[in-house]
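**Student:** Prediction below, plus the sequence it came from.
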Amino acid sequence: MKLAELIAALERLAPLHLQDEWDNSGLQVGFPEAEIQRILVCLDVTEAVVDEAIAGGFDVIVSHHPLLFKALRQVSDATYQQRCVVKALCAGISIYSAHTSLDNAPGGVNHRIAALLGLQDLCWLSPREGEADAGSGLIGRLPEPEGDAAFLSRVSRTFGVACLRHSALDGRQIRRVALCGGAGAFLLPEAVRAGADCFLSGEFHYHDYFETGGLLLAELGHYQSEQFTQDLLLEYLLETFPGLPVQKTALNTNPICYDRFDG
């Protein structure tokens, strides 16, 4: 199978025209006419992931986060992006990234988060102009209201969050939940306008906690909020190409560590 066939399938799931203007979803490294036989799925492309692909005989890496956001001024070993590009090209490995093209698509990243939380009656927080079904963030309702502490406890378990940052608890009932994987702070005004009781995202800014608009903020961590995107891509590719070996990386690429230091 040619890489071009894989690209076409990924862009049916996550059309490039849905990506945000600052983004760089799409083919990062490689040649569309290249023959491919094995696919490795990951959240982030790191040197360790490229090494894993080489060792495992994979010839394509499909990631959520793009390896390249900005143009490279040189192709050498000065940055990890450059080193990844050089390693991949030398090993004949292609790299494709579906980032905000997947965030903003129906059935994409945010829909996977909503499904894990059991949300119903989903609507886009910020519908994309000119599109019938696309946008940024989602809002939905829980089947039954949950107390704020109980809800955040369930969120913590579901996403494996060792340290869940949140605004103050006051015993409120959580019914309507807004969410956005990754860096979703820009959607806080939309979550307030939509009448959310809680807004979940991967990252918020410090001052957002002073201007919550009366809702509960909960910060999962960027990696934690989007980790299940790997499963979404894996499942889609296995279903689309049943005869093609597709695996998820065995590596946790979260660059942020959580430790408690006493004394």
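**Tutor:** Done, it's in.

**Student:** Where do the strands of the stretch 51-200 of the chain begin and end?
**Tutor:** All strands of the stretch 51-200 of the chain, identified by DSSP state E, counting those that start in this stretch, fall at 60-63, 94-97, 120-127, 135-147, 165-166, 173-183, 198-203.

**Student:** Can you give me the pLDDT of Gly263?
**Tutor:** Gly263 is assigned a predicted lDDT (pLDDT) of 65.

**Student:** ah, wrong one, I meant Thr100
**Tutor:** Residue-level pLDDT assigned to Thr100 equals 97.

**Student:** so what's it up against?
**Tutor:** Leu18, Gln19, Asp20, Asp23, Ser25 (C-beta atoms under 8 Å, 6 or more residues apart in numbering). (C-beta placed from N, C-alpha, C; glycine too.)

**Student:** Ile113 too?
**Tutor:** Going by C-beta under 8 Å, 6+ apart, Ile113 touches Leu138, Leu179, Gly181, Leu200, Ser225, Phe228.

**Student:** Where does pLDDT dip in this protein?
**Tutor:** For the chain, the stretches with pLDDT under 70 are 263.

**Student:** mind redoing it with 90?
**Tutor:** 70-71, 73, 162-163, 258-263 (pLDDT under 90).

**Student:** tell me the domain boundaries of it?
**Tutor:** Taking automatic domain parsing as the criterion, the chain consists of the domains 3-99, 106-226.

**Student:** Now that we have those, can you turn them into CSV and tack on distance to Ile256?
**Tutor:** As requested, the domains of the chain are exported to CSV (distance: least, C-beta to C-beta, whole Å):
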stretch, distance to Ile256
domain 3-99, 12
domain 106-226, 7
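
**Student:** Out of the ones you listed, which is closest to Leu232?
**Tutor:** Nearest to Leu232 among the domains of the chain is domain 106-226 (5.0 Å), distances taken as C-beta to C-beta.

**Student:** what about that closest one, distance to the chain center?
**Tutor:** Distance of domain 106-226 from the chain centroid (C-alpha atoms, centre = their mean, to the nearest Å) equals 14 Å.

**Student:** before we move on, what about stretch 227-238?
**Tutor:** Counting by C-alpha atoms, centre = their mean, stretch 227-238 comes out at 11 Å from the chain centroid.

**Student:** same check, this time on stretch 256-263
**Tutor:** Counting by C-alpha atoms, centre = their mean, stretch 256-263 is centred 26 Å from the centre of its parent chain.

**Student:** Count residues in the vicinity of Glu226, would you?
**Tutor:** Using other C-beta atoms under 10 Å, Glu226 is surrounded by 26 other residues.
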